[in-house]
Structures are given as structure tokens and as C-alpha cells.
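Participant: turn this into a model:
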Amino acid sequence: MKVFVPLDSVAVALGADALVSAIQAEAARRGVAVEVVRNGSRGMVWLEPLVELVTEAGRLGFGPMTVADIPGLFGDL
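Facilitator: Next up is the predicted model:
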């Protein structure tokens with residue numbers, strides 16, 4: 001599983017670092033290998049933190065994300 005989480009100052013101020021920790025913890029709990037890539041912002045501050053999940057159909061973006069949203073990011077994995 002590959003996930004993109006922004007590292008810019010706005011996203012970090014809005015909780016992006018906590019999302020990374022939550023993603024890693026949820027992946028460990030489910031036994032899922034996860035690669036978290038810290039990227040730049042898309043410039044849509046109102047949508048930060050925007051988390052992108054790589055799927056067979058391409059990247060899917062979700063935002064603004066909270067730590068409570070992270071389990072849903074994993075779906076039925």
C-alpha cells in the first residue's frame with residue numbers, strides 16, 4: 001500500500017504528521033505493508049491534509065483527513 005501525505009507547513013499545522021503516525025499504526029495493526037511518501041501540497045489549503053492512496057485506478061485523494069478517518073482508508077484490507 002502506498003500513501004502520499006503532504007509535508008508542507010500548512011498540512012503539518014493541520015495534522016499531517018499525526019496522520020502519518022496513525023497510518024503506520026493502523027497498517028501494523030492489520031499486518032499491511034505501507035509506504036508513506038511525504039509530498040508537497042496541491043495548493044488547496046481548504047482540503048489539507050489531503051491524503052492520496054495509490055490504487056489500480058490511479059491515485060485517489062481524500063481530504064481534509066483526520067486521524068479518525070484513517071481506519072476507513074484501509075477499507076477491507
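Participant: which strand residues bridge the most centrally placed residue in the chain?
Facilitator: Centroid-nearest residue in the chain: residue 51, 3.5 Å away (criterion: CA atoms, centre = their mean). Counting by DSSP bridges, residue 51 forms beta bridges with residue 62.
Participant: repeat that for the one 4 residues further on.
Facilitator: Partner residues in beta bridges with residue 55, using DSSP bridges, are residue 58.
Participant: and it, how many residues sit next to it?
Facilitator: 10 (other CB atoms under 10 Å). Bear in mind the C-beta positions are built from the backbone N, C-alpha and C, glycine included.
Participant: with residue 2 instead?
Facilitator: By the criterion of other CB under 10 Å, residue 2 has 13 neighbours.
Participant: the protein: helices as residue ranges?
Facilitator: 9-13, 16-30, 70-73 (DSSP state H).
Participant: and those as TSV, adding distance to residue 44 and mean neighbour count?
Facilitator: As requested, the helices of the chain are arranged in TSV below (distance: least, CB to CB, whole Å; neighbours: other CB atoms under 10 Å):
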stretch	distance to residue 44	mean neighbour count
helix 9-13	10	16
helix 16-30	14	16
helix 70-73	19	16
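Participant: switch those helices over to CSV; also include distance to residue 60 and mean pLDDT.
Facilitator: Converted to CSV, these look like this (distance: least, CB to CB, whole Å; pLDDT from 0 to 100):
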stretch, distance to residue 60, mean pLDDT
helix 9-13, 17, 95
helix 16-30, 14, 97
helix 70-73, 10, 94
